[in-house]
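Q: Got a sequence here, can you model it:
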Amino acid sequence: MPASPADPGKPMVPRGLYFVAAGLAVLLNGWASAVVLGAGVPGVLIGALYGLPVVVAWYRPMVAWWLMPGLLLLATALSVAD
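A: Have a look, this model is predicted:
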């Protein structure tokens with residue numbers, strides 16, 4: 001994580017904010033997939049997986065970046081199969 005200019009040993013964004021953002025991503029994506037798109041339970045699971053890159057971004061930003069297209073392909077494949 002990028003360090004704070006005032007204190008090089010302290011990260012710019014507290015770790016807790018990443019976990020809050022991941023929780024919101026899980027809830028909102030799961031809700032949107034299940035209710036708005038009508039995907040049901042598989043949509044909730046795929047939506048919940050979208051919280052994973054947010055948590056991974058704290059430790060490995062590039063891995064998180066690559067997870068997003070993979071999840072997009074997975075969600076697309078499952079929605080086409082329905």
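
Q: Grab the nearest non-local neighbour of Asn29.
A: Gly47 (3.4 Å; C-beta to C-beta, 6 or more residues apart in numbering). Backbone N, C-alpha and C define where each C-beta goes, glycine included.

Q: That neighbour and Gly23, how far apart?
A: 12 Å (C-beta to C-beta, to the nearest Å).

Q: which one of those two has more residues nearby?
A: Shown here are Gly47 and Gly23; by other C-beta atoms under 10 Å, Gly47 has more neighbours (23 against 13).

Q: quick one, what contacts the more buried one?
A: Shown in contact with Gly47 (C-beta atoms under 8 Å, 6 or more residues apart in numbering): 26, 28-34.

Q: Can you tell me the element it falls in?
A: helix 40-49 (DSSP states H and E).

Q: Which residues belonging to that helix are considered buried?
A: 43-44, 46-49 (16 or more other C-beta atoms under 10 Å).

Q: Also stretch 17-27?
A: Here stretch 17-27 shows 18, 21-22, 25-26 as buried, counting by 16+ other C-beta under 10 Å.

Q: Same list (these) but as a markdown table, adding secondary structure, distance to Tyr59 and pLDDT.
A: Shown next, in a markdown table, are the buried residues of stretch 17-27 (DSSP: H, G, I helix; E, B strand; the rest coil; distance: C-beta to C-beta, whole Å; pLDDT from 0 to 100):
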| residue | secondary structure | distance to Tyr59 | pLDDT |
| --- | --- | --- | --- |
| Tyr18 | helix | 9 | 73 |
| Ala21 | helix | 14 | 78 |
| Ala22 | helix | 12 | 77 |
| Ala25 | helix | 16 | 78 |
| Val26 | helix | 18 | 78 |
